[in-house]
Structure formats: structure tokens, C-alpha cells
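# Please work out how this folds:
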Amino acid sequence: MGIVMHGDVGTAPPLDRTGCLMALEDALQRWGADVPEDPGAGELAQLLDEIVERLSGDGSTGSARSAAELLAQAAEALRAVARLGGLLPAVSLWHLRTAIRQEAAARAQLAEQRNLRSVAFSR
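Alright, predicted model coming up:
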């Protein structure tokens, strides 16, 4: 069974740890992060923290702050994966999938705001 796509957001998370990490790498690159080759969960969490800082800086919009909160939660899930290491693979996978969902929700939050802005300016 493949991942059903809607736009660029998958409706089902990858089924394994490697797929989750690859999906998160791709997502962070879309946010403009310089992702190193073969990063671990801890490195991805640090990159998310940098994006959170950027989004929640002075003058940020409400939707940017909301997206930053979601990305902060994704970073926390990745830190949990890093702490677990190879222990409890099912729990790690749950945290990875949580991070994927939080990132997708953050991206959707900003996309919705952009769509609302474009409708308001077109009137």
C-alpha cells in the first residue's frame, strides 16, 4: 500500500523509521533548512528549532506563530526519538509519525493564511 498524496502532504505517514526520517528531511528542506546527509532525529530537531525561531521572531503573524508552535511540538517528538535511540521501536515510530503530522499541519497553517490573503487582495 502506497502513500496517498493530497497536494504535497501525505495522508498516511511512512511505515518505517527510515521512511519517516526521509520524509522529515524533505519537509525541512522545503522550510529552507540545510539538511546534512543522513541526519539523525536529534539533528532534525535542532533544524526545526532554528525554523521555529525564525517563525516566531518579532513581527511574525499569528499564523506564523501557530506554525512555530506546531513545529516546536514536532521538534520535541524528534528529541524523544533521539533519547530512545534503538529502544522501543514502536514508540519511536509513533513519535516520528507525530513529527510528520505536526510539520504537515504547520505547513497547512501557513498555506491557509496565504490563501486567505490572496482572496482578500483579489477583491
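
# Heading C-terminal from the one helix or strand Ala27 maps to, find the next helix or strand.
Secondary structure from DSSP states H and E places Ala27 in helix 17-30. Once helix 17-30 ends, the next helix or strand along the chain (criterion: DSSP H and E) is helix 41-55.

# what packs against that next one?
Here helix 41-55 touches helix 17-30, helix 62-84, helix 89-122, going by 3 or more CB pairs under 8 Å, 6 or more residues apart in numbering; DSSP states H and E. For glycine as for every other residue, the C-beta is placed from the backbone atoms N, C-alpha and C.

# Can you lay out those helices as TSV showing distance to Gln46?
Output for the helices and strands packed on helix 41-55, formatted as TSV (distance: least, CB to CB, whole Å):
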stretch	distance to Gln46
helix 17-30	10
helix 62-84	8
helix 89-122	13
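
# Output the ones you listed in CSV, with mean pLDDT and mean neighbour count appended to each entry.
CSV is the format used below for the helices and strands packed on helix 41-55 (pLDDT from 0 to 100; neighbours: other CB atoms under 10 Å):
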stretch, mean pLDDT, mean neighbour count
helix 17-30, 94, 17
helix 62-84, 95, 20
helix 89-122, 82, 16
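
# which one of the ones you listed lies closest to Arg54?
helix 62-84 (8.2 Å; CB to CB).

# how far off helix 17-30 does the closest one point, in degrees?
150 degrees (axes from the mean of the first three to the mean of the last three CA atoms, to 10 degrees).

# Report all helices and strands that helix 62-84 contacts.
helix 41-55, helix 89-122.

# Run the chain-centre distance for the shortest one.
Read that as helix 41-55. 9 Å (CA atoms, centre = their mean, to the nearest Å).

# Kindly report the same for stretch 30-44.
11 Å.

# distance between the ends of that stretch?
13 Å (CA to CA, to the nearest Å).

# List of residues touching it?
8, 21, 24-25, 28-29, 47-48, 50-51, 78-79, 81-82, 96, 99, 107 (CB atoms under 8 Å, 6 or more residues apart in numbering).
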